[in-house]
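What would the 3D arrangement of this be:
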Amino acid sequence: MTQTAASAASTGKQMLSEQVYTHLRDAIMRGDRSPGEALKPQDLARQQGVSLAVVREALVRLVGDGLADRLPNRGFAVPAFSDRRWQEIAEARRTVEPVMLRMSIERGDIDWEARVRAAHHRLARTPVYTPEESKHYSGAWSEAHRAFHRILLEGCGNPVLLETFDRLWTASELARRWSAHRNPGRDGADEHRRLEEAALARDADTAAEVLARHLTLTAAVLTGSARHEPG
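Now for the predicted structure:
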């Protein structure tokens, strides 16, 4: 095989792997794949009409994103829904994100401030629920929510920490999708507003405190310790 042909084959494999990854990721996030359900490479390869190598590459990516578990001698599976798992995720987020926010407030420039303001505006103006997605948060709101939290932390300027945030967020989002409880008494919009105000005021102590409480309230439903709507 010539170098050009080999390169084309490699590119084709990557594209197929991306397609399988996206298909599985979306199916898991929608709840089409149940917690703990086996993800059998042979079955997936047959269903998707691709090779085992392509499927395994996609599954390894899902494991890296926290959307699948690799089980010793048993292949892959959707993460099981357990309080302990989400307690560990919540503890990690409460440990890492307030520190990152402090760093962002210290290091963030005017462009960061503008992005925070724009991200909060989009979040505040995006409907949380839509009729066709009544059980879960709307896809548009979920993305605006993720973007706001991530942009708050991007001022830290540390790509390793931001990669950690991305992985923890994805794992939390999966739990959020599985837990469709609502609590009219919680004002998530006000929590986000206070986060924006404290960050732009460069008040690191208040911002870190607001974020820690925000994450604690969100963790309550994800860990089963309360039945509240995550914010």
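
for Leu71, phi and psi?
Torsion angles at Leu71 (phi, psi; degrees, to the nearest 10) stand at phi -100, psi 130.

okay, the nearest residue to it once chain neighbours are set aside: pLDDT?
Leaving out its chain neighbours, the residue that sits closest to Leu71 by C-beta to C-beta, 6 or more residues apart in numbering is Ala77, at 5.8 Å. Just so you know, the C-beta spots here come from the backbone N, C-alpha and C atoms, and that holds for glycine as well. At Ala77, the predicted lDDT confidence score is 94.

Would you check that Ala77 makes contact with Asp69?
Yes: taking C-beta atoms under 8 Å as the definition, Ala77 is a contact partner of Asp69 at 5.3 Å.

returning to what we had before: what bridges to the residue nearest to Leu71?
As for beta bridges, Ala77 partners with Ala38, Asp69 under DSSP bridges.

ok, Leu152 - contacts?
Leu101, Ser104, Val116, Ala119, Leu195, Glu196, Ala199, Leu211 (C-beta atoms under 8 Å, 6 or more residues apart in numbering).

run the last query once more with 6 Å
Val116, Ala199 (C-beta atoms under 6 Å, 6 or more residues apart in numbering).

again, but for the one 3 residues further on
Residues in contact with Gly155, defined by C-beta under 6 Å, 6+ apart, are Ser104, Arg107, Gly108, Trp112.

Please state the offset of the helix or strand harbouring the first one from the chain centre?
Just to be clear, that refers to Ser104. Using DSSP states H and E, the element containing Ser104 is helix 83-107. Here helix 83-107 is found 13 Å from its chain centre; the criterion is C-alpha atoms, centre = their mean, to the nearest Å.

just stretch 38-49 next, same as before
25 Å.

just stretch 16-29 next, same as before
15 Å.

so the residue nearest the centre of the chain is in which element?
Centroid-nearest residue in the chain, with C-alpha atoms, centre = their mean: Thr170, separated by 2.2 Å. Here Thr170 sits within helix 159-178, counting by DSSP H and E.

ok, and for that helix, which residues are buried?
Judged by neighbour count using 16 or more other C-beta atoms under 10 Å, the buried positions of helix 159-178 are 161, 164-165, 168-178.

try stretch 194-210
Buried positions in stretch 194-210, judged by neighbour count with 16+ other C-beta under 10 Å: Arg194, Leu195, Glu196, Ala198, Ala199, Leu200, Ala204, Thr206, Ala207, Ala208, Val210.

what is the rounded mean pLDDT of that stretch?
Stretch 194-210 carries an average pLDDT of 98.

Kindly export that stretch (C-alpha atoms) in PDB.
The C-alpha coordinates for stretch 194-210 follow below in PDB (Å, rounded to 0.1, in the frame of the first residue of the first chain):
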ATOM      1  CA  ARG A 194     -24.600  35.700  41.300                       C
ATOM      2  CA  LEU A 195     -21.800  33.700  39.800                       C
ATOM      3  CA  GLU A 196     -21.500  36.100  36.900                       C
ATOM      4  CA  GLU A 197     -21.600  39.100  39.100                       C
ATOM      5  CA  ALA A 198     -19.000  37.900  41.500                       C
ATOM      6  CA  ALA A 199     -16.600  36.800  38.800                       C
ATOM      7  CA  LEU A 200     -16.900  40.100  36.900                       C
ATOM      8  CA  ALA A 201     -16.500  42.000  40.200                       C
ATOM      9  CA  ARG A 202     -13.200  40.000  40.700                       C
ATOM     10  CA  ASP A 203     -14.500  38.900  44.100                       C
ATOM     11  CA  ALA A 204     -12.800  35.500  44.200                       C
ATOM     12  CA  ASP A 205     -14.000  34.600  47.700                       C
ATOM     13  CA  THR A 206     -17.600  35.200  47.000                       C
ATOM     14  CA  ALA A 207     -17.400  33.600  43.500                       C
ATOM     15  CA  ALA A 208     -15.800  30.400  44.900                       C
ATOM     16  CA  GLU A 209     -18.400  30.300  47.700                       C
ATOM     17  CA  VAL A 210     -21.300  30.700  45.300                       C
END
